[in-house]
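Trainee: Next one to model:
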Amino acid sequence: MKSVGNTEETGMSVTTAKWTLEDYHRMIQVGLLDDRQVELLNGEIVEMSPEAEPHAYFRMETKEYLIQLLGNRVAIREVAPITLSNSNSEPEPDLAIVQRLGREYLQHHPYPENIFWLIEFSSTSLTKDLEVKRQTYAQANILEYWVRDLNHEQLIVFREPVQGDYTSQFSLTAGEISPLAFPEVAVSVEKLLNG
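Mentor: Numbering: from 1, shown residues only. Here you go, the predicted structure:
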């Protein structure tokens, strides 16, 4: 574990402890996090929001729809870790569309180079997904990141990571979008928004 950060608060110094991936994996191995819904983001262990029915429904429907469109060209991991070692992060995106590496995933979670794109479904976690996770994914050079905003019925798309942030951002409420990794595939935005 390494410590970083130093703030002054009522005359006393407060240091925030940051966890490494190795620390986090040790905690998982010994069962310290068994009863907790958490993920590692930028060296901090963060509680994951409880999942309401719409969140679970749209995630399931989107996964099934993408399987129909992409077939066996990809594996779609649902609420499973990805490893971003450059930032000491192991988030669990709602959907990770990744390379089919079979048993290799027994040795490691997908790395950035294995990831085609990520999707989060957001209502109560919208600020975290649009700010913290956006920057974390961009710093890891994840080429594409979609946020299905359940509050405002829109799809927010982030592309082109450069120097720790995405240089392209746009919102869709209709039409089609093609993932960068699969330009021949047309994804219906209405299908993502309506299930």
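Trainee: Wait, Ala181 touches Ile142, no?
Mentor: No - Ala181 lies out of contact with Ile142 (Cβ atoms under 8 Å); the separation is 11.1 Å. The C-beta positions use only the backbone N, C-alpha and C, and glycine is treated the same way.
Trainee: Mind listing the shared neighbours of these two?
Mentor: Here Ala181 and Ile142 share the contacting residues Trp117, scored by Cβ atoms under 8 Å, 6 or more residues apart in numbering.
Trainee: for this structure, which helix is longest?
Mentor: For the chain, the helix with the greatest residue count under DSSP state H is helix 53-70.
Trainee: In its sheet, which strands sit next to the next helix or strand along the chain from it, and in what direction?
Mentor: Counting by DSSP states H and E, the element after helix 53-70 in chain order, helix or strand, is strand 75-78. Strand pairing for strand 75-78, determined by DSSP bridges: strand 95-98 (antiparallel).
Trainee: what residues does the partner strand touch?
Mentor: 59, 62-63, 66, 70, 74-78, 80, 82, 110, 114-119, 179, 181.
Trainee: Out of the residues you listed, which end up buried?
Mentor: 59, 62-63, 66, 70, 74-77, 80, 82, 110, 114-119, 179, 181 (16 or more other Cβ atoms under 10 Å).
Trainee: Which of the three states applies to Thr124?
Mentor: coil (DSSP: H, G, I helix; E, B strand; the rest coil).
Trainee: quick one: what helix or strand has the residue lying closest to it once chain neighbours are set aside in it?
Mentor: With sequence-adjacent residues excluded and distances taken as Cβ to Cβ, 6 or more residues apart in numbering, Thr124 is closest to Ser49, at 4.8 Å. Of the helices and strands defined by DSSP H and E, none includes Ser49.
Trainee: surely Ser49 meets Phe121?
Mentor: No - judged on Cβ under 8 Å, Ser49 makes no contact with Phe121 at a distance of 10.6 Å.
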